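Engineer: Return a 3D structure for these sequence lines:
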Amino acid sequence: MEGRVPPAAAEATDDPPPPPPQPLSSDDTKETYIVQIPRDQIYRVPPPAHAKIVERYRNPSRQREGCGGKCGLWIVVALISLAAIVGIGVAIVHMFFSSSKTPEFSVTKVLVKNPPTSHAKHTHLTYEISLQAGNPNERMGISYEYGGKASLSFKKKKIGGGEYPSLSQEAKDSTLVRIHLAGSNGALPSEIEKSMKDTKSKTPVSLSLTIDVPVKLKSFITKSLELTVTCDFKVSKLASGAKILSQKCDAKF
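Structural biologist: All right, here's what the predicted structure looks like:
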């Protein structure tokens, strides 16, 4: 029988295991270690704001989309506000001028100059009509512009015409206006001619005065309008000493 082979000699020659580590003493745990790192390997942690900047540059389209939405909203709000302001201003102006009062007129005197006579029927007949024009508005002036026209009629037939003088009135102002109307060409109505010649006539004459004149209403802003005035009045006669018996004047813009 074969005998058992003893363990190899190499096993006997192995190094013995190292002894277990000794526990650290309390003095060793308090030791301070200094670690030196090359300067070119020292890094600084950037602040959080830098991360937001980087993110903004990474996603420019998203940033533009967000700005576009907000900017569009602000534009809409601004336009609505502007429209509201303009609308309020227009409403105030409309209310202000719609509440304005038309001028007030009254005929105070009628005078016929150069009336026709039996010896000279073709004379330069002129009608001088005096009006009292008043501005009843408390906070608005009225300016009568150039280009105003006036005409005098008898039974709807024009017997004289001329210009309405330009003038300006302050609020609550009253002005005496004289209108000179040249007699129309052609024969005068018999009633008119008789009233001019007969100083003792007691037959009244009904006449109509029409005025069309551009005006400007002046306050914090100015508004241009066309004013039409119609005065229907009755005079005792057209000779000297004529008196106004009755009248009615209407004015409208």
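Engineer: All the strands of this protein, residue numbers only.
Structural biologist: Secondary structure of the chain by DSSP state E: the strands cover 104-113, 126-134, 141-144, 148-154, 157-164, 167-169, 174-183, 205-218, 222-235, 244-252.
Engineer: and of the ones you listed, who's closest to residue 54?
Structural biologist: Smallest distance to residue 54 across the strands of the chain (Cβ to Cβ): 61.2 Å, for strand 222-235. For the C-beta atoms, the positions are set from N, CA and C on the backbone; glycine is no exception.
Engineer: Going by neighbour count, list what's buried in that closest one.
Structural biologist: Neighbour counts over strand 222-235 (16 or more other Cβ atoms under 10 Å) mark 227, 229, 231, 232, 233, 235 as buried.
Engineer: my guess is the third one contacts residue 110, does it?
Structural biologist: Okay, so that is residue 231. No: judged on Cβ atoms under 8 Å, residue 231 makes no contact with residue 110 at a distance of 10.8 Å.
Engineer: Which of the buried residues of strand 222-235 sits closest to residue 199?
Structural biologist: For the buried residues of strand 222-235, the minimum distance to residue 199 (Cβ to Cβ) is 13.4 Å, reached by residue 235.
Engineer: Could you chop this structure up by domain?
Structural biologist: 48-98, 104-252 (automatic domain parsing).
Engineer: want to throw those into JSON lines with distance to residue 36?
Structural biologist: Output for the domains of the chain, formatted as JSON lines (distance: least, Cβ to Cβ, whole Å):
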{"stretch": "domain 48-98", "distance to residue 36": "29"}
{"stretch": "domain 104-252", "distance to residue 36": "83"}
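Engineer: Determine the number of other residues adjacent to residue 73.
Structural biologist: For residue 73, the count of nearby residues is 10 (other Cβ atoms under 10 Å).
Engineer: mind listing what it touches?
Structural biologist: Residue 73 sits next to no residue when contact means Cβ atoms under 8 Å, 6 or more residues apart in numbering.
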